[in-house]
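Student: Dropping a prediction and its sequence here:
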Amino acid sequence: MGSLLCYRWLKSHDHGHHHEVLAMVAIGVMIMLSIGPQRAIAAAPNFFEDVDITWGGDRGKVLNGGNIISLSLDRNSGSGFQSKLDYMYARIDTQIKLVPGNSAGTVTAYYMSSQGPVHDEIDFEFLGNVSGQPYTLHTNVYTHGQGNREMQFRLWFDPTRNFHTYTVIWKPQHIIFMVDNIPIRVFKNLVKYGVPYPRKQPMKLYASLWDAEDWATRGGLVKTDWTMAPFTAYFRNMVAQQYKNFSHSGSGSLMEAGHDDLGPHARKRLRWVQAHFMIYNYCTDAYRYPQGPPTECKHARV
């Protein structure tokens, strides 16, 4: 599936980090050029062929000959889709344009998940907010049915004005979350320390738009303004590659020799995002973990 996704970048609205943003853009351009033509020759993605709309009725629509899918939410229901295929280790890139304006109470979810009570899951969730306020990007990793590994970020651009690329790289040694080809989070395979890791259950890709006004916006203090409904998010250019297909090409620009770790430029960008845009890290939540952080946090350095 899929063709090479174009690297996209909006000018930062945070003038205090202007020079850092320009540096990150330059690095991103160099990395994109280094990827080469391998992925560019693949077939164009088509939502008619690649996904099923699984709930919400006609609130989920495939548009533009299969190139775009829209999900809508109104007072009666949200909507969602899932990939037709299962993946056992994969890289999945999707471009998403989020609900504009007053999106408080809405959640746009984009995630991989297996099935059953002890499922594994890798989450991107975009928590809406009142007009003029930034979205919260919520990430989580579930293993054997257990989550509680949340990290949250503010984005350095308006995710409602244009499409931006959100990526999950799920490999045997780590899970990488990326935004516009910039790594924002790495979850390592630390099974040797007794930390569960998603490594036995295939996953499908899912997306949904739903009402979470009871908790998503300031703990439920700000409710959904239904006079703004229907709320709509758009998805395009979903590119899914099994691990064996991208391990020596698509992700190679980010990896050291052997494709086992982030390269120096990627680590620099990861530290930049986490220093300036991370707003919550479960590993540093002393109230939640008064006896000390979970085991994986002690070995989390990238």
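Tutor: Sure, I can see it. For clarity, every value in this text was computed on a predicted model and none was experimentally measured.
Student: can you pull the contacts of the most centrally placed residue in the chain?
Tutor: Nearest residue to the geometric centre of the chain (Cα atoms, centre = their mean): residue 124, 4.0 Å. Residue 124 sits next to 109-111, 137-139, 166, 168, 177 when contact means Cβ atoms under 8 Å, 6 or more residues apart in numbering. Yep, even glycine has a C-beta here, placed from its N, CA and C like the rest.
Student: Excluding chain neighbours, give the residue nearest to residue 167 in space.
Tutor: Closest residue to residue 167 apart from its sequence neighbours, by Cβ to Cβ, 6 or more residues apart in numbering: residue 178 at 3.9 Å.
Student: what's across from the one you found in the sheet?
Tutor: residue 167, residue 183 (DSSP bridges).
Student: And for the one 10 residues further on?
Tutor: Beta bridges link residue 188 to residue 174, judged by DSSP bridges.
Student: residues near it, how many?
Tutor: 18 (other Cβ atoms under 10 Å).
Student: With residue 133 instead?
Tutor: For residue 133, the neighbour count with other Cβ under 10 Å is 14.
Student: For it, identify the helix or strand it belongs to.
Tutor: Taking DSSP states H and E as the definition, one finds residue 133 inside no helix or strand.
Student: Likewise for the one 5 residues further on?
Tutor: Counting by DSSP H and E, the element that carries residue 138 is strand 136-142.
Student: Centre of the chain to that strand, how far?
Tutor: A distance of 8 Å separates the C-alpha centroid of strand 136-142 from that of its chain, computed with Cα atoms, centre = their mean, to the nearest Å.
Student: pLDDT averaged over stretch 214-232, what's the number?
Tutor: Taken as a whole, stretch 214-232 has an average pLDDT of 82.
Student: Over to stretch 158-177?
Tutor: Mean pLDDT, stretch 158-177: 96.
Student: out of everything not next to it in sequence, what's closest to residue 274?
Tutor: Excluding its sequence neighbours, the residue lying closest to residue 274 (Cβ to Cβ, 6+ apart) is residue 184, at 7.2 Å.
Student: now swap in residue 238 and tell me
Tutor: Per Cβ to Cβ, 6+ apart, closest to residue 238 is residue 94, 4.5 Å.
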